[in-house]
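Trainee: generate a structure from the sequence data that follows.
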Amino acid sequence: MSKLKPWVGNNRQWEAFSSYIDVVIEMQQKALEQANDNIMMYRSQGAIAALRKLKTLRDEVIETQRQ
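Mentor: Numbers count the residues shown, from 1 in each chain. Model prediction:
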């Protein structure tokens, strides 16, 4: 986690990354809405869950730093 501190501590880089994640989440939500079968639906749901977890990375790194 300590190797991630410089990256998540840089507001400009983090905001750009976060915006990119938002765009990819939107794309996965569209794919989820248009899914024709359960497999595609589950894949999109999993991708959205993983992307949302990435958005919490900054908080996790900061919390680890405090301990």
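
Trainee: show me where this protein dips below the pLDDT cut-off.
Mentor: For the chain, applying pLDDT under 70 flags no range at all.

Trainee: what ranges does it have for its helices?
Mentor: In the chain, the helices defined using DSSP state H lie at 5-9, 11-33, 38-55, 57-66.

Trainee: distance check, the residue nearest to the spatial centre of the chain against Ser2.
Mentor: Centroid check for the chain by Cα atoms, centre = their mean gives Leu51 as the closest residue, at 2.8 Å. According to Cβ to Cβ, to the nearest Å, Leu51 and Ser2 sit 24 Å apart. All C-beta atoms are positioned from the backbone trio N, CA, C, and that covers glycine.

Trainee: next one: Ala49
Mentor: Counting by Cβ to Cβ - Ala49 and Ser2 are separated by 26 Å.

Trainee: same check on Asn36?
Mentor: Using Cβ to Cβ, Asn36 is found at 44 Å from Ser2.

Trainee: next one: Gln34
Mentor: On the measure of Cβ to Cβ, Gln34 and Ser2 end up 41 Å apart.

Trainee: just Leu32 next, same as before
Mentor: As for Leu32, its distance to Ser2 is 36 Å (criterion: Cβ to Cβ).

Trainee: same question, Ser19
Mentor: 25 Å.

Trainee: got it, and Met41?
Mentor: 38 Å.

Trainee: out of the two, which sits in the busier spot?
Mentor: Remark: of Met41 and Ser2, Met41 carries more neighbours, 15 against 8, as counted by other Cβ atoms under 10 Å.

Trainee: so what does the closest residue in space to the more buried one that isn't next to it in sequence have for phi and psi?
Mentor: The shortest distance from Met41 to any non-neighbouring residue, by Cβ to Cβ, 6 or more residues apart in numbering, is to Ala35 (4.1 Å). With angles defined as degrees, to the nearest 10, Ala35 sits at phi -60, psi 130.

Trainee: Ala35 contacts Ala47, correct?
Mentor: No - Ala35 is beyond contact range of Ala47, at 11.6 Å (criterion: Cβ atoms under 8 Å).

Trainee: and for Ser44, the neighbour number?
Mentor: The number of residues packed near Ser44 is 19, by other Cβ under 10 Å.
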